[in-house]
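Engineer: I'd like to go over a predicted model; first the sequence, then the structure.
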Amino acid sequence: MVSRLIVDVGSIFDAYLGEKADKKVRRLSINSAIFGFIMHLLICLLFQLDLIDLNSETSKLFDSYLDSLYTPFSIFLAYEVYELIRTIPESFSNAIGKQFEIITLLVVRDILKRLSDIDASAISTIDESIGILAIECLAFVVLFATALFFNRSKRDVNDGEHENEELHRFILRKKQLAIILLFVYLAIALYSISSWSYGVFNGNGSTNRTIFFLDFFTALILADILILLISYQYITEFSNLARNTGFILSTVILRVAIASPGVSGAIMFILAGFLGSIVLFSGISFERSVTRGYSEAE
């Protein structure tokens, strides 16, 4: 019965989140991003030539050619979220690193949107936005460095680890959670797209970062906490438990930052980046010291 469950979970995971599925989703994302960019650019051109008429709120999506970058970045972000879900069974730190990659792209998208608003606004309003833009650029640098640090420290699940029955069971549970989170992701995405489209047709073309990402990161935090609780059955070292708790804390800060506009949100992004980097560095340093201690003892 247990072996059958393992096969079922493994086959479902491979079907929707495996390598072949990833290649198909990646190809679809790239083609959709190119198509979306061209279509958005075309609508911007038609609007600039006064060939189409849009209400004041919706026109903010097309009043600058830089706005056309918003669509491909949104599609790439959707793909990166899919990649994050695929990463969950690998290791906790890998999944956290992917979260920082997503937030980095999210901040870049916000910066590009702010630049497009400046480009389309009166010259007198530029000074009002330059301070926020500078802090958001700093947040991007910190988040980018954090994502690179996590990527450099990436852990792979090797064949030897699969021989450990308890670890194999833990990975199986994380695959189950990843499958559930995939369907939650699709449900939130469908709800967000339909709600946003309805708003556009009714004259509300808002493009703030809370759309989709606020709800998804709420679900992601719950998934992270569940993984942490499950890990208590297999991990007894305080260092690993404290490290994973610190990672969850950084994710919670990211979620609050998504909901916070302007300078406060950018500052919390920076805080989350520093916290995640320090926790990861501390964990790596401790593991190296323990390994060195074992070597010296031998």
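Structural biologist: That came through, no problem.

Engineer: next structured bit after the worst-scoring helix or strand of the chain on mean pLDDT?
Structural biologist: Within the chain, no helix or strand scores below helix 159-162, which has a mean of 41 by mean pLDDT, DSSP states H and E. Scanning forward in sequence from helix 159-162 by DSSP states H and E, the next helix or strand is helix 165-201.

Engineer: Next, the buried residues of that next one.
Structural biologist: Neighbour counts over helix 165-201 (16 or more other Cβ atoms under 10 Å) mark 170-179, 181-182, 184-185, 188-189, 192, 196, 200 as buried. From N, CA and C alone the C-beta is placed, and that goes for glycine too.

Engineer: again, but for stretch 45-65
Structural biologist: Those would be 47, 54, 58, 60, 61, 62, 63, 64, for stretch 45-65 by 16+ other Cβ under 10 Å.

Engineer: is it true that the fifth one touches residue 70?
Structural biologist: Yes - proximity of residue 61 to residue 70 meets the contact threshold set by Cβ atoms under 8 Å, at 7.3 Å.

Engineer: list residues touching both of these two?
Structural biologist: residue 207 (Cβ atoms under 8 Å, 6 or more residues apart in numbering).

Engineer: any chance you could map the helices in the stretch 101-250 of the chain?
Structural biologist: Assigned by DSSP state H, counting those that start in this stretch, the helices in the stretch 101-250 of the chain fall at 126-152, 159-162, 165-201, 213-231, 238-259.

Engineer: Going by mean pLDDT, which of those helices comes out lowest?
Structural biologist: In terms of mean pLDDT, the lowest-scoring of these is helix 159-162 (a mean of 41).

Engineer: give me the element residue 22 is part of.
Structural biologist: Residue-wise, residue 22 maps onto helix 19-48 under DSSP H and E.

Engineer: ok, then the element right after that helix?
Structural biologist: With DSSP H and E setting the assignment, the helix or strand that follows helix 19-48 is helix 70-87.

Engineer: Extract the C-alpha set from that next one and format it as PDB.
Structural biologist: The C-alpha coordinates for helix 70-87 follow below in PDB (Å, rounded to 0.1, in the frame of the first residue of the first chain):
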ATOM      1  CA  TYR A  70       5.000  44.600 -17.800                       C
ATOM      2  CA  THR A  71       3.400  41.800 -19.700                       C
ATOM      3  CA  PRO A  72       6.500  39.600 -20.400                       C
ATOM      4  CA  PHE A  73       7.800  40.100 -16.900                       C
ATOM      5  CA  SER A  74       4.400  39.000 -15.400                       C
ATOM      6  CA  ILE A  75       4.600  35.900 -17.500                       C
ATOM      7  CA  PHE A  76       8.100  35.100 -16.500                       C
ATOM      8  CA  LEU A  77       7.100  35.600 -12.900                       C
ATOM      9  CA  ALA A  78       4.300  33.100 -13.300                       C
ATOM     10  CA  TYR A  79       6.800  30.600 -14.700                       C
ATOM     11  CA  GLU A  80       9.200  31.300 -11.800                       C
ATOM     12  CA  VAL A  81       6.400  30.500  -9.300                       C
ATOM     13  CA  TYR A  82       6.000  27.200 -11.100                       C
ATOM     14  CA  GLU A  83       9.700  26.600 -10.800                       C
ATOM     15  CA  LEU A  84       9.500  27.400  -7.000                       C
ATOM     16  CA  ILE A  85       6.800  24.700  -6.600                       C
ATOM     17  CA  ARG A  86       9.100  22.200  -8.400                       C
ATOM     18  CA  THR A  87      11.900  23.100  -6.000                       C
END
